[in-house]
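**Student:** The following block contains a protein sequence and its predicted model.
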Amino acid sequence: MDADITIIGAGVVGLALASELADRARSVYVVEKNMAHGRGISSRNSEVIHAGIYYPAGSLKGQLCIEGRELLYETCLQNNIPHKKIGKLIIAMTENEMEQIEHLRDQAIRNGVTSVSLVAQK
């Protein structure tokens with residue numbers, strides 16, 4: 001049995017590619033070394049949708065992170081994929097760490113992240 005395309009790896013990227021190519025009426029084989037799909041690198045990530053706070057405004061990484069975030073939320077909604085927007089807490093224990101958090105907040109705002117705020121303990 002022949003296939004038009006063989007994809008090595010049944011992780012999130014391999015399966016997404018296989019799905020897209022199959023939708024285009026291509027015959028696709030997916031080869032995976034593990035006993036189940038998603039058991040390689042795809043299962044070793046932090047499993048979060050990044051907001052776009054860590055990269056400088058205007059940088060390629062920053063732009064791709066923000067565009068990718070929006071595309072991912074859109075894809076989840078269109079395909080009824082469960083997901084949660086739970087937010088993130090970054091905690092400072094020292095003045096230096098507080099300055100770093102203030103920098104991240106400012107950078108997030110420049111990147112168009114609207115749901116960012118500082119919470120202080122009194």
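**Tutor:** Yep, that arrived. Bear in mind the structure is a predicted one, so any value in this text is a computation, not a measurement.
**Student:** Tell me how this structure divides into domains.
**Tutor:** Under the assignment automatic domain parsing, the domains of the chain span 1-45, 50-122.
**Student:** what's the average pLDDT for the shortest one?
**Tutor:** The predicted model gives domain 1-45 an average pLDDT of 87.
**Student:** Quick one: end-to-end distance for it.
**Tutor:** Using CA to CA, to the nearest Å, the end-to-end distance of domain 1-45 comes out at 35 Å.
**Student:** centroid residue for this structure?
**Tutor:** Per CA atoms, centre = their mean, the C-alpha nearest to the average position across the chain is that of Ile49, at 4.2 Å.
**Student:** Restricting to C-alpha, output stretch 109-116 in CSV.
**Tutor:** What follows is stretch 109-116 as a C-alpha-only set of coordinates in CSV (Å, rounded to 0.1, in the frame of the first residue of the first chain):
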residue,chain,number,x,y,z
ILE,A,109,0.9,45.9,27.3
ARG,A,110,3.1,46.9,24.4
ASN,A,111,2.4,43.5,22.9
GLY,A,112,-1.3,44.1,23.2
VAL,A,113,-2.0,41.9,26.2
THR,A,114,-5.0,43.6,27.8
SER,A,115,-5.7,41.5,30.9
VAL,A,116,-2.5,42.3,32.8
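**Student:** And that stretch, what's buried?
**Tutor:** In terms of neighbour count (16 or more other CB atoms under 10 Å), stretch 109-116 has its buried residues at 111, 113, 116. Backbone N, C-alpha and C define where each C-beta goes, glycine included.
**Student:** TSV for these, including distance to Ile90?
**Tutor:** Converted to TSV, the buried residues of stretch 109-116 look like this (distance: CB to CB, whole Å):
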residue	distance to Ile90
Asn111	15
Val113	13
Val116	10
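**Student:** gap between the longest helix seen in the chain and the chain center?
**Tutor:** When secondary structure is assigned using DSSP state H, the longest helix within the chain turns out to be helix 60-78. Centroid separation between helix 60-78 and its chain, computed with CA atoms, centre = their mean, to the nearest Å, is 7 Å.
**Student:** What mean pLDDT does the helix or strand that comes right after it get?
**Tutor:** Using DSSP states H and E, the helix or strand that follows helix 60-78 in sequence is helix 95-110. The average pLDDT within helix 95-110 is 91.
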